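K.L.:
sequence? don't have it. structure:
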């Protein structure tokens, strides 16, 4: 075998062969060409560039330096500092944390919370200052702008979002939200699901500022100078009119008590009342009679104050020896908390035996009934002031249900009847006349 003394053309051996140095070179390592060696000398390649090899000089065989007295002293100071911090540390949730670190962490979280609150307040202020925008015309889209489903005149109708003005289907615009003040409306409006989420953060503020429950009543006169005070309609479309009817019924009850004190509600029953339900009902029929009407219910709290009103409706059928028509204002005395819980449910059934005899302007019926529903069961006393021509004795049954939709329109958002009657909601300004009438009623009982 020929001994190589010089590098062959285009071949460069980074390490000498065995013939030159008596060192064995594995045959699996191919020889490096001259071009590859030149590239290697340039340095490490990266993205078409090179790092000069001189900048990366690692002295692997460099001897360790000897430790001096200053190094020992520095180690002692470090160990002492760790020992002092461990002494002032305390147990926080079974995890050791130094007092200093905990205080710094608290400040960091506080700064972060303040930043988030500032950002949230800025976003809420922008929503509250929002002005109404023009709605898109119906021809702007033939399909829902959220889910893409095509509109159909019967199966899938189109609706406009009152906040953004877009066009959406029923499924994508189920929510109702109060609008910012510049929209000039106190009723919850239909919005798309996206705008419903955006407006959720300002709903509590709007419910306390612009909802219908916050507006002062305008229909507060219940004497003979107003035609509507002569007769309560059996069906009311708004809570404001329900409040007016209840006030008018209470004042009508005052007249009954003045004319015939023996036919008024006993004072002992009123003193123990935990709540009142006031309903205007119309009864029409012969042998089989039908009844329907609307009203409200309020609960008396432990401190003597009254809860906000909750809207209710009733419908039923009666059978017996009876004929004619009658419009009656019923005052139902809720004797205990169980009765309030019964009226707090979605619906309950009332069954009672009563004797009615109304043939003139003023009449009265006293009835003890039993009520049971998803809110519980209880016994109540019912008194009424009747107007009409109706006579008979019958076993009457009716279903009383909570008007959740009317409660939502009045208070500005979905709210349960139990939260209204048994919760801690503030008294609405729109029911000021009702609270004045109730105050007079129970003041008269005390006197």
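P.N.:
Sure thing, it's come through. The structure displayed is predicted, hence computed values, not measured ones. Residues are numbered from 1 along each chain as shown.
K.L.:
Tell me which helix or strand residue 316 sits in.
P.N.:
strand 310-334 (DSSP states H and E).
K.L.:
can you map out the helices along the stretch 301-447 of the chain?
P.N.:
Ranges of helices in the stretch 301-447 of the chain, per DSSP state H, counting those that start in this stretch, are 337-344, 404-411, 417-422, 432-446.
K.L.:
can you state the direction angle for the longest one and strand 310-334?
P.N.:
Angle, helix 432-446 to strand 310-334, by axes from the mean of the first three to the mean of the last three CA atoms, to 10 degrees: 0 degrees.
K.L.:
try the first one
P.N.:
If you take the same axes, to 10 degrees, helix 337-344 sits at 150 degrees to strand 310-334.
K.L.:
contacting residues around helix 337-344?
P.N.:
For helix 337-344, contacts defined as CB atoms under 8 Å, 6 or more residues apart in numbering pick out 274-275, 277, 297, 299, 310, 312, 334, 348, 371-373, 375-380, 400, 402, 416-418, 420-422. The way it works is simple: take the backbone N, C-alpha and C, and place the C-beta from them, glycine included.
K.L.:
of those, buried ones?
P.N.:
274-275, 277, 297, 299, 310, 312, 334, 348, 371, 373, 375-376, 378, 380, 400, 402, 416-418, 420-422 (16 or more other CB atoms under 10 Å).
K.L.:
I'd assumed residue 329 was in contact with residue 382.
P.N.:
No: Residue 382 is beyond contact range of residue 329, at 11.1 Å (criterion: CB atoms under 8 Å).
K.L.:
Those two - which one has more neighbours?
P.N.:
Neighbours per residue (other CB atoms under 10 Å) separate residue 382 from residue 329, with residue 329 holding more: 26 against 20.
K.L.:
Now for that one: which residues touch it?
P.N.:
Each residue near residue 329 by CB under 8 Å, 6+ apart is listed here: 232, 245, 248, 249, 252, 253, 278, 279, 280, 384, 385, 386.
K.L.:
Residue 435 too?
P.N.:
Going by CB under 8 Å, 6+ apart, residue 435 touches 306, 427.
K.L.:
so how far is residue 310 from it?
P.N.:
Counting by CB to CB, to the nearest Å, the gap from residue 435 to residue 310 is 15 Å.
K.L.:
Same question for residue 143.
P.N.:
40 Å.
K.L.:
for the helices of the stretch 301-447 of the chain, which one ends up most surrounded?
P.N.:
helix 337-344 (a mean of 23; mean count of other CB atoms under 10 Å).
K.L.:
Which of the three states applies to residue 246?
P.N.:
Classification of residue 246 using DSSP: H, G, I helix; E, B strand; the rest coil returns helix.
K.L.:
Now it. Nearest residue, chain neighbours left out?
P.N.:
residue 278 (4.2 Å; CB to CB, 6 or more residues apart in numbering).
K.L.:
what are the bridge partners for residue 295, then?
P.N.:
In this structure, residue 295 bridges to residue 279, residue 312 when assessed by DSSP bridges.
K.L.:
got the contact list for the closest residue to residue 187 other than its chain neighbours?
P.N.:
Nearest-residue entry for residue 187: residue 409, 5.7 Å, with adjacent residues in sequence omitted and distances by CB to CB, 6+ apart. Going by CB under 8 Å, 6+ apart, residue 409 touches 187, 188, 212, 238, 239.
K.L.:
of the helices of the stretch 301-447 of the chain, which approaches residue 224 most closely?
P.N.:
Closest approach to residue 224 among those (CB to CB): helix 432-446, 16.7 Å.
K.L.:
Would you mind measuring from residue 382 to residue 237?
P.N.:
For residue 382, the distance to residue 237 - CB to CB - is 25 Å.
K.L.:
okay, the helices of the stretch 301-447 of the chain in TSV with mean pLDDT and distance to residue 223 next?
P.N.:
TSV is the format used below for the helices of the stretch 301-447 of the chain (pLDDT from 0 to 100; distance: least, CB to CB, whole Å):
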stretch	mean pLDDT	distance to residue 223
helix 337-344	92	30
helix 404-411	95	25
helix 417-422	94	29
helix 432-446	88	13
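K.L.:
Let me have the ones you listed in a markdown table, extended by distance to residue 228.
P.N.:
Converted to a markdown table, these look like this (distance: least, CB to CB, whole Å):
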| stretch | distance to residue 228 |
| --- | --- |
| helix 337-344 | 26 |
| helix 404-411 | 19 |
| helix 417-422 | 26 |
| helix 432-446 | 14 |
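K.L.:
who wins for proximity to residue 171 among the ones you listed?
P.N.:
helix 404-411 (18.9 Å).
K.L.:
any idea of the angle that closest one forms with strand 310-334?
P.N.:
Going by the same axes, to 10 degrees, helix 404-411 makes 100 degrees with strand 310-334.
K.L.:
For the residue nearest to residue 128 when sequence neighbours are not counted, give me its contacts.
P.N.:
The shortest distance from residue 128 to any residue other than its chain neighbours is 5.2 Å, reached at residue 180 (CB to CB, 6+ apart). Residue 180 sits next to 127, 128, 129, 130, 202, 206 when contact means CB under 8 Å, 6+ apart.
K.L.:
next one: phi and psi at residue 297?
P.N.:
In this entry, residue 297 is assigned phi and psi values of phi -140, psi 140 (degrees, to the nearest 10).
K.L.:
And the nearest residue to it once chain neighbours are set aside, which helix or strand is it part of?
P.N.:
In space, and not counting its chain neighbours, residue 297 is closest to residue 277: 4.1 Å by CB to CB, 6+ apart. For residue 277, the host element (DSSP H and E) is strand 275-299.
K.L.:
can you check residue 146 too?
P.N.:
Per DSSP H and E: residue 146 is located in neither a helix nor a strand.
K.L.:
Just the closest of the contacts of residue 409 to residue 196, please.
P.N.:
residue 188 (10.4 Å).
K.L.:
Now do the contacts for that closest one.
P.N.:
For residue 188, the contact set (CB under 8 Å, 6+ apart) comprises 176, 177, 178, 408, 409, 412, 413.
K.L.:
Show me which pair in the residues you listed is furthest apart.
P.N.:
Spatially, the most separated pair among the contacts of residue 188 is 177 and 409, at 12.1 Å (CB to CB).
K.L.:
now the contacts of residue 180: which count as buried?
P.N.:
For the contacts of residue 180, buried by 16+ other CB under 10 Å: 127, 130, 202, 206.
K.L.:
Over to the last one. Which of the three states is it?
P.N.:
Read it as residue 206. helix.
K.L.:
my guess is it meets residue 185, correct?
P.N.:
No: Residue 206 is beyond contact range of residue 185, at 10.6 Å (criterion: CB under 8 Å).
K.L.:
list residues touching both of those two?
P.N.:
Residues touching both residue 206 and residue 185 by CB under 8 Å, 6+ apart: residue 179.
K.L.:
circling back: among the contacts of residue 188, which one sits closest to residue 159?
P.N.:
Ranked by distance to residue 159 (CB to CB), these are led by residue 176 at 11.6 Å.
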